[in-house]
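have a look at this prediction, sequence included:
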Amino acid sequence: MKRAITFALLGSCCLAVPTLAQQSDATDGLGSVSSENSFGRDRNIGVLERRRPDYTPEPIQLGVLELMPRMAIGAGYDDNLYAQENDRIGDAYLRIRPRVSLVRPSPTLKLSLDGELDLLRYASRASENATQYSVNAGALYTISKSDTLNLTLRNGRYSQERVSPDSPTQASRPVRFTLSGGTATYTHVFNRLRVRGVVDVENRNYSDSVTPLDDPIDQDFRDHTTYTGTAVGEYALSPSIALFVAGSLNKRDYRERIGPVPARDSKGFELAGGASFELGRKARGALRLGYFQQDYRPVEFEDVSGLLVRGEIAYFLTPLVTITGTVDRGIKETGVNGATGYLATNMTLRADYELLRNLIISAGGELEKRDFNNIDRKDDRWTWRGSASYLVSKRMALRFDLQRRTQASWGATAGREFTDNRVSVGLTFSGL
């Protein structure tokens, strides 16, 4: 129920830009600040988690199935569509996102299927139009009180944002790519101890683009499949604190290449330990520290290793104000020519204010630092966001968003520097 409310609040928050799929991480949920966790930490509820029965969409009952249709319609303006330092070009756009979710609730075998079509159309710059889709399926099998098996499959087609450092600046249209993958998670609980094993496979296939003169821009070098295996152990010292350890192995297979630059095949691992905690009624959070290493098969590519950090804390300033901060440091893949990846350090801070029962005001900022491997380049990306979500009824929600993003880059192979501002409004219809 809480997730349905959160989706209603955030249903149109992505109307400004195309949705981009992110690389999955089997340990993302470790020590989540959400009140929905195994240790019953629900003495305080975040603004976005709070139950709002009068505004929660209701699914359509089809026998034993629950059907939840959604339609998000939005319009906005981007004042720097091509993310350029000079000669900025802006354009207005319309975005339509129909979505259907089908669920078979069951205490032993819950099945789910959802699909979304994402249509983005610009007023003047038709080359930037995007037609995206995603399809996801899942099965949660409760074997016993102690054992569960969760299977998920995903497939989608996406368009890369122009503001992404991986987007070729000379391309006449955005780079498109398809993503497909699956995850299997087995969980066993021994009283206070919970152990979890996760296997994940993900494939990304990028389409070539062209220059304004129709010269091809090769993107095949980015095609790859990532295999990840993870083991996690969590022990609850008390309802307020739990310790966990996690280890993962990954293998990244890139498409074989003919030419001077070899495929960026690599193997790596992560080892980490940490704690999740609740500090009375004022705060809930988690911290994970560890070590990561990624070794590349071609000898001309430099291996990467370092300190792994992930932390998240929610501070309940008042029952109506939740402040959330996160930090994340690890190695990521990239589409920048010559680079084998980059060390990413992300820090975010967001405040959510329940001005009215059905009106949520949010504001926040994000700093992303990228230190590219194998080339001399560093990027600093700042993003500032403000939004207002107004729940009109169970069926309807309104959304208003502002976003400002800047990028600074330096080094012998520095990237673009730009400022981009976006504004959007959206309307979401859900359920009956």
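Sure thing, it's come through. Every value quoted in this text rests on a predicted model; they were computed, and no experiment measured them. Numbers count the residues shown, from 1 in each chain.

where does the stretch 251-400 of the chain dip in pLDDT?
Where the stretch 251-400 of the chain drops to pLDDT under 70, the residues are 258-261.

recalculate using a threshold of 80.
256-261 (pLDDT under 80).

which residues in it form strands?
Taking DSSP state E, counting those that start in this stretch as the criterion, the stretch 251-400 of the chain carries its strands at 266-279, 283-296, 304-318, 321-332, 341-356, 359-373, 378-391, 396-410.

helices or strands up against the second one?
The helices and strands touching strand 283-296, judged by 3 or more Cβ pairs under 8 Å, 6 or more residues apart in numbering; DSSP states H and E, are strand 241-254, strand 266-279, strand 304-318, strand 321-332. Glycine gets a C-beta too; all of them are placed from N, C-alpha and C.

quick check: which of those strands is nearest to residue 158?
Nearest to residue 158 among the helices and strands packed on strand 283-296 is strand 321-332; the distance by Cβ to Cβ comes to 16.5 Å.

for residue 189, give me the pLDDT.
pLDDT for residue 189: 94.

hang on, it packs against residue 146?
Yes - applying Cβ atoms under 8 Å, one finds residue 189 in contact with residue 146, separated by 4.8 Å.

what about these two, which has more around it?
Using other Cβ atoms under 10 Å, the more surrounded residue of residue 189 and residue 146 is residue 189, with 16 against 12.

about what we covered before: save the strands of the stretch 251-400 of the chain as JSON lines, and put in mean neighbour count too.
Listed next are the strands of the stretch 251-400 of the chain as JSON lines, based on neighbours: other Cβ atoms under 10 Å:
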{"stretch": "strand 266-279", "mean neighbour count": "19"}
{"stretch": "strand 283-296", "mean neighbour count": "19"}
{"stretch": "strand 304-318", "mean neighbour count": "17"}
{"stretch": "strand 321-332", "mean neighbour count": "19"}
{"stretch": "strand 341-356", "mean neighbour count": "17"}
{"stretch": "strand 359-373", "mean neighbour count": "18"}
{"stretch": "strand 378-391", "mean neighbour count": "18"}
{"stretch": "strand 396-410", "mean neighbour count": "18"}
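
may I see the helices and strands packed on strand 283-296 arranged in TSV, with distance to residue 410 as well?
What follows is the helices and strands packed on strand 283-296, written out as TSV (distance: least, Cβ to Cβ, whole Å):
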stretch	distance to residue 410
strand 241-254	28
strand 266-279	26
strand 304-318	20
strand 321-332	19
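
tell me which of these sits nearest to residue 368.
The closest of the helices and strands packed on strand 283-296 to residue 368 is strand 321-332. By Cβ to Cβ, the value is 9.5 Å.

could you report the distance from residue 431 to residue 257?
For residue 431, the distance to residue 257 equals 49 Å [Cβ to Cβ, to the nearest Å].

then residue 136?
Taken as Cβ to Cβ, the span from residue 136 to residue 257 is 31 Å.

residue 293 now?
Applying Cβ to Cβ, the value for residue 293 to residue 257 is 24 Å.

equivalent analysis for residue 132, please.
As for residue 132, its distance to residue 257 is 28 Å (criterion: Cβ to Cβ).
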